[in-house]
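Engineer: Sequence and predicted structure are below.
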Amino acid sequence: HFHDCFVQGCDASVMIASTGSNTAEKDHQDNLSLAGGGFDTVIKAKAAVDAVASCRNKVSCADILVMATRDVVKMAGGPAYAVELGRLDGLSSTAASVGGKLPKPNMNLDQLNAMFAANGLTQADMIVLSGAHTLG
């Protein structure tokens, strides 16, 4: 979740594939640990929603990512929390936009708190999202 939201906002730009002329976010060194199966799951969920004519193009991959994160946290015994919907999917994604925007494994608590606070999140949010990231 935060691999997407911390870079350009929660716009699913982390799902955009690299092309011959552009290396996308998902191929930046800091994102190489992301499971490809997670991307596939979001793509399949989007296809299932879009298969219903009255729902086609009404739910973004960005909202699916946010809802999936919320649901995994709850299924793992974490807290339930509301998410606002209505995000639009990003149209651009560059590896160059990632540097310095994602937590590093060697960051201390103060550094992590500062990074999450810069994104409007509390320490409790950091703990919940980190736990979901670990499960993801």
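Structural biologist: Structure's in. What do you need?
Engineer: what about Val73, which helix or strand?
Structural biologist: helix 61-75 (DSSP states H and E).
Engineer: Also Gln111?
Structural biologist: Gln111 belongs to helix 109-118, assigned by DSSP H and E.
Engineer: buried sites along that helix?
Structural biologist: By 16 or more other C-beta atoms under 10 Å, the buried positions in helix 109-118 come out as 112, 115-116. Yep, even glycine has a C-beta here, placed from its N, CA and C like the rest.
Engineer: for Arg87, what are its contacts?
Structural biologist: Arg87 makes contacts with 10-12, 60, 62-63, 66, as judged by C-beta atoms under 8 Å, 6 or more residues apart in numbering.
Engineer: again with Met67
Structural biologist: 83, 85.
Engineer: show me what contacts Asp125?
Structural biologist: So Asp125 contacts Phe116 (C-beta under 8 Å, 6+ apart).
Engineer: List phi and psi for it.
Structural biologist: phi -60, psi -40 (degrees, to the nearest 10).
Engineer: Could you report the separation of it from Ile43?
Structural biologist: To Ile43, Asp125 is 27 Å away according to C-beta to C-beta, to the nearest Å.
Engineer: now swap in Val7 and tell me
Structural biologist: According to C-beta to C-beta, Val7 and Ile43 sit 19 Å apart.
Engineer: More neighbours: which of the two?
Structural biologist: Val7 (24 against 13; other C-beta atoms under 10 Å).
Engineer: helix or strand for the more buried one, which one?
Structural biologist: helix 2-8.
Engineer: Which element is encountered next along the chain beyond that helix?
Structural biologist: Going down the chain from helix 2-8, the next helix or strand is helix 36-50, by DSSP H and E.
Engineer: who touches Asp71 in this structure?
Structural biologist: Asp71 neighbours (C-beta under 8 Å, 6+ apart): none.
Engineer: What is the least confident helix or strand in the protein?
Structural biologist: Lowest on mean pLDDT, DSSP states H and E among the helices and strands of the chain sits helix 123-135, with a mean of 77.
Engineer: re the thing from before, dump the helix holding Val73 to CSV, restricted to CA.
Structural biologist: Extracted in CSV, the C-alpha atoms of helix 61-75 (Å, rounded to 0.1, in the frame of the first residue of the first chain):
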residue,chain,number,x,y,z
CYS,A,61,-7.2,-0.1,-9.3
ALA,A,62,-6.2,2.5,-6.7
ASP,A,63,-9.4,1.9,-4.7
ILE,A,64,-9.0,-1.8,-5.1
LEU,A,65,-5.5,-1.6,-3.6
VAL,A,66,-6.7,0.5,-0.6
MET,A,67,-9.7,-1.9,0.0
ALA,A,68,-7.4,-4.9,-0.3
THR,A,69,-5.0,-3.5,2.3
ARG,A,70,-7.9,-2.7,4.7
ASP,A,71,-9.3,-6.2,4.3
VAL,A,72,-5.9,-8.0,4.8
VAL,A,73,-5.3,-6.0,8.0
LYS,A,74,-8.8,-7.0,9.3
MET,A,75,-8.4,-10.7,8.2
